[in-house]
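[1] sequence? don't have it. structure:
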């Protein structure tokens, strides 16, 4: 370890030496009754040399200007010398940082929370030149009729020609009524968006724009079922279904070629899955397959990375690596032969990062059709990838691969055309979610034959304004973008101007400070100089806009320089003063001879007086020490021992004058009548001190509190105690003695009840029922003695307590009776600690009536009875010594008055309703390991009304496993409770076997109130370990929508709404 040498050789600051030196000079002035120039120079430390190169400013040197500014290349956290970059940042957002690098660099889209899925799809659509030009060709009237068309056109226009590096997509997202906080599926969004745009574009009069969506993205398939007996296809096989994307399985498959083969493969229908053929009029074996009828110029493949797990009823993402080619030949995959070349090139890869299905992050790698360069579109960030979609460092292997596949159906043309061998580079990704391929040829195949490109603004199919970076925009969008760009550029210009002004001001101020400080040093004693406040000088040297010059803190009451302020001021040259005064005004002007002689003489007298006081106090402290140790026995006056010892008068630092702690040496021993308090009173301990020490402490006390007109009470040795306080203390002592006697008698009268021991019951005896809460309070009251006895309140009088046990309606007992148990040859109350009532003997009841105001006749009488036992004994002739096998269930407690079941039922119903409506409470959950739960867990459900307990929110370990406390409410569902247990105890929801006592809690949709789970309950859970463990994040994402609803998706948005309402 490197030794710490930071302070080893550091020179100590001679500040204390300076104070001693100043005191000596002031003593000299006091003795000489005169002030010389040399005295002034020494007091004001003018003779001290100028500091150079020090990192800090020295207080005791008025000629030191070090540390007021940082070194030439140094900075500070704030103020004038703050980093330039931080000062520029404080001006606000720099719009110039948002400028697009060049016209050839694509722009990004803002992520509004969880809209990365939409941003990725929008970038894919925009980078398709034909689709972009098609959107731009739509008439203004149609755009106004359909806001979604207008917003996507404006969004594309900004991506095309905006000067910003990223575009705000908020208006488009709001138009679609999307929820910014919910992650959605890109494939579903693409399908619904294209369908919506297709419906909106029908009203366009630009023929090629009307069908731009169909012409570019829509293909068709048919589901063909063929009878193996007659060879005929089903009627439904002739139906053609359109698609915007082909959904391909990837589970267990390694490449796009494998997935396409799986998609187009034959499925055999046999056994229980036979097909009913109308021609054969019977169930027969058949085959079923999907056939591609037409392919669009842009093919989108949806890779089904989301799979359903039947065991856990959850979804899981497949993260296995999947390969796909750069060039894809689809001609041989068509159901019918085609003379057109169907060679596709990879144009976009949409990627999903993250392990959960409904969360994670989407971004896209897209190829620029014009330059052939690949770009990564990650919301606002757009970066160039080069000629490779995954940079140069990704896993890809160029090899020769045939992308054709032979069909094995009953068709006669499957192998006719053959497949050409295409040399293609193969890419691999474990996160690729969608693949987009574009037709390489310049012609677009349709169902009717050959057709040219859908839209070509460059050929003036519609009006357009050419852009600097290439491409065209409609005139209205060009003007709109021009206005946006002008506003943006003006904002950049204004910021740059403000930044330039601030930086110029900053540079000028820094130069000014350094120049004046370099001229501030006074070169000789004869030279004129001026005093300036150090605080203001620091503020001036570290603030961009300092206030007016202020020297008022340096002034004495006579308007001159106060010599004692020497550590708060600096001595500067006349040149520096003139520059500061002329620019910052203020003052006053304090020059070479502007010191105050009168204040200096007062200060000298004070120093001498302080010396005298210090010497006197030192002598008195030695006397006080002798008093404390018992060496000094001639005490004459009392002072408070608490003041004398606890205030540590003796141990306090030797001061030059009295302090506030010296006040009130007799306050603690002075009673409210102004006399000496008896020593028996609390805090009235005192000690005798000699007369000279008493005079000294009284003098200090009066100096500290001159406003106290009553002075300091004096109690000589022969002072008598206050008669009133003595009488009061005697009365209090008598009352306490009497109370101790009463409590002792009650402990003797109720020996068993006072100790809390169980009372053995007999059938022949009469007993009385008392509230258990009253007995607990009484027991605490009589058993606590001493100083803390006054803190325990007296129990209530029994007459009122007994009345609360009876209902007003029937005057019957309003509490459930305690249970009895036969144990070790005696009958006892089963649960005396938790029962509402306690059984006491009749003799104790008599004593209680005498002691606590009870009425014998109003007591609740109780008798113990026993049903027929095995020996046939009745309740009247039962002999406990002979009947050793009494069953506890045969013991019965009879009371007078009887229990009122009606009123108890009403009260319990009311209490239950209150418990069912609780909004917040704690329950404990224990993780039990093993097959059986502890008995305490099984019995916990029986205690419905327990005293509120203080519980810890942290998980802790017990003998049977982990335990934690959960904050719950009555409306919380069992599902939500299980999710909390999953998070805190690590037991997956599907593996939880949750119990309350012996009750199994398994209805996830039920509320805790439905399952009778209340605050204070003890639950226990066992991990069955049946299902495979999974991440809780998957469950949270799957259940993020309301009430476990299965993927609400885009319900409630414009994508699933009626466009007629939008058009209106």
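    Structure received. What you see is a predicted model; the values in this text were computed from it and never measured. Numbering: from 1, shown residues only.
[2] which residue ranges form the strands in the stretch 701-850 of the chain?
    Secondary structure of the stretch 701-850 of the chain (DSSP state E, counting those that start in this stretch): strands located at 766-771, 820-823, 826-829, 837-841.
[3] Quick one: closest of those to residue 252.
    With C-beta to C-beta, the closest approach to residue 252 among the strands of the stretch 701-850 of the chain belongs to strand 820-823: 66.2 Å. In short, each C-beta sits where N, CA and C put it, glycine included.
[4] Output the contacting helices and strands for that closest one.
    In terms of contacts (3 or more C-beta pairs under 8 Å, 6 or more residues apart in numbering; DSSP states H and E), strand 820-823 is packed against strand 826-829, strand 891-896.
[5] Could you say which of these is packed most deeply?
    The highest average neighbour count among the helices and strands packed on strand 820-823, using mean count of other C-beta atoms under 10 Å, belongs to strand 826-829 at a mean of 19.
[6] For that one, what does the pLDDT average out to?
    Averaged across strand 826-829, pLDDT comes to 87.
[7] do the same with stretch 325-343
    85.
[8] same thing with stretch 109-117?
    Average pLDDT, stretch 109-117: 90.
[9] Same question for stretch 526-543.
    The pLDDT scores in stretch 526-543 average 90.
[10] List the contacts of that stretch.
    For stretch 526-543, the external contacting residues (C-beta atoms under 8 Å, 6 or more residues apart in numbering) are 57, 59, 62, 68-69, 76, 79-81, 513, 517, 522, 546-547, 549-551, 553-554, 561, 567-574, 577, 580, 584, 589-592, 594.
[11] Over to stretch 59-78?
    Contact with stretch 59-78 is made by 13-15, 18, 44-46, 48-58, 81-83, 513-514, 517, 520-522, 531, 534, 537-538, 541-542, 566-571, as judged by C-beta under 8 Å, 6+ apart.
[12] out of these, which are inside helices?
    Among the contacts of stretch 59-78, the residues falling in helices (DSSP state H) are 15, 18, 513, 514, 517, 534, 537, 538, 541, 542.
[13] Give me the buried entries from the residues you listed.
    Buried subset of these (neighbour count, 16 or more other C-beta atoms under 10 Å): 18, 513, 517, 534, 537, 538, 541, 542.
[14] Present these as TSV; the columns should include distance to residue 298.
    Listed next are those as TSV, based on distance: C-beta to C-beta, whole Å:
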residue	distance to residue 298
18	86
513	65
517	71
534	75
537	72
538	69
541	67
542	63
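[15] Pull out the buried members of the contacts of stretch 526-543.
    The neighbour-count test (16+ other C-beta under 10 Å) applied to the contacts of stretch 526-543 identifies 57, 62, 68-69, 80-81, 513, 517, 522, 546, 549-551, 554, 561, 569-573, 577, 580, 590, 592 as buried.
[16] other SSEs contacting the helix or strand hosting residue 424?
    Using DSSP states H and E, residue 424 sits within strand 422-429. Helices and strands touching strand 422-429, as assessed by 3+ C-beta pairs under 8 Å, 6+ apart, comprise strand 322-325, strand 327-329, strand 343-353, strand 396-401.
[17] between these, which one is nearest to residue 220?
    Short answer: strand 343-353, nearest of the helices and strands packed on strand 422-429 by C-beta to C-beta, at 16.8 Å.
[18] And that closest one, what's buried?
    For strand 343-353, a neighbour-count test (16+ other C-beta under 10 Å) marks 343, 344, 345, 346, 347, 348, 349, 350, 351, 352 as buried.
[19] Centre of the chain to it, how far?
    For strand 343-353, the gap between its own C-alpha mean and the chain's C-alpha mean amounts to 39 Å (C-alpha atoms, centre = their mean, to the nearest Å).
[20] Kindly calculate the angle that it makes with strand 422-429.
    Going by axes from the mean of the first three to the mean of the last three C-alpha atoms, to 10 degrees, strand 343-353 is angled at 10 degrees with respect to strand 422-429.
[21] Following element in sequence after the helix or strand residue 220 falls within, please.
    Using DSSP H and E, residue 220 sits within strand 219-227. Along the chain past strand 219-227, the next helix or strand (assigned with DSSP H and E) turns out to be strand 241-243.
[22] mean confidence score for the following helix or strand past that following strand?
    Sequence-wise, the next helix or strand downstream of strand 241-243 (DSSP H and E) is strand 246-249. Mean per-residue pLDDT for strand 246-249: 92.
[23] In the stretch 751-900 of the chain, where is pLDDT below threshold?
    For the stretch 751-900 of the chain, the stretches with pLDDT under 70 are 786-790, 867-889.
[24] go on, the stretch 151-300 of the chain?
    Within the stretch 151-300 of the chain, no stretch has pLDDT under 70.
[25] same thing but 90
    The model of the stretch 151-300 of the chain has pLDDT under 90 over residues 160-165, 177-186, 202-210, 223-226, 228-241, 251-252, 265-286, 288.
[26] residues contacting the residue nearest to residue 435 when sequence neighbours are not counted?
    Spatial nearest neighbour of residue 435, chain neighbours left out: residue 301 (4.3 Å); criterion: C-beta to C-beta, 6 or more residues apart in numbering. Residues in contact with residue 301 (C-beta under 8 Å, 6+ apart) are 245, 246, 248, 256, 259, 434, 435, 436, 437.
[27] mind running it again at 10 Å?
    Residues in contact with residue 301 (C-beta atoms under 10 Å, 6 or more residues apart in numbering) are 187, 245-248, 250, 256, 259-260, 263, 324, 328, 432-437.
[28] Need the phi and psi values for it.
    In terms of degrees, to the nearest 10, the main-chain angles of residue 301 are phi -110, psi 120.
[29] now swap in residue 208 and tell me
    Taking degrees, to the nearest 10 as the convention, residue 208 sits at phi -80, psi -20.
[30] Distance-wise, check it relative to residue 77.
    63 Å (C-beta to C-beta, to the nearest Å).
[31] Which one's more surrounded, these two?
    residue 208 (20 against 8; other C-beta atoms under 10 Å).
[32] wouldn't that one be in contact with residue 215 here?
    Yes - counting by C-beta atoms under 10 Å, residue 208 does reach residue 215; the two are 7.6 Å apart.
[33] Residue 921: neighbour count?
    Neighbour count of residue 921, defined by other C-beta under 10 Å: 18.
[34] out of everything not next to it in sequence, what's closest to it?
    residue 1015 (2.6 Å).
[35] Strands of the stretch 451-600 of the chain, residue ranges please.
    Assigned by DSSP E, counting those that start in this stretch, the stretch 451-600 of the chain shows strands spanning 465-466, 472-473, 529-533, 569-573.
[36] could you dump those to JSON lines with distance to residue 825?
    Below are the strands of the stretch 451-600 of the chain laid out as JSON lines (distance: least, C-beta to C-beta, whole Å):
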{"stretch": "strand 465-466", "distance to residue 825": "109"}
{"stretch": "strand 472-473", "distance to residue 825": "104"}
{"stretch": "strand 529-533", "distance to residue 825": "95"}
{"stretch": "strand 569-573", "distance to residue 825": "97"}
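[37] do you know which of the ones you listed lies nearest residue 121?
    For these, proximity to residue 121 was assessed by C-beta to C-beta; strand 472-473 is nearest, at 21.9 Å.
[38] Parallel or antiparallel, which strands does the closest one pair with?
    Strand pairing for strand 472-473, using DSSP bridges, gives strand 465-466 (antiparallel).
[39] Could you turn the buried ones of the contacts of residue 301 into a PyMOL selection?
    Applying 16+ other C-beta under 10 Å to the contacts of residue 301, the buried members can be selected in PyMOL as follows:
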select buried, resi 187+245+246+248+250+256+259+260+263+324+328+432+433+434+435+436+437
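[40] How many neighbouring residues does residue 507 have?
    Count around residue 507 with other C-beta under 10 Å applied: 11.
[41] picking that back up, following the strand holding residue 424, which helix or strand comes up?
    Using DSSP H and E, the first helix or strand after strand 422-429 is strand 432-439.
[42] Give the pairing partners of that following strand; include direction for each.
    Strand 432-439 has these strand partners (DSSP bridges): strand 298-304 (antiparallel), strand 343-353 (antiparallel).
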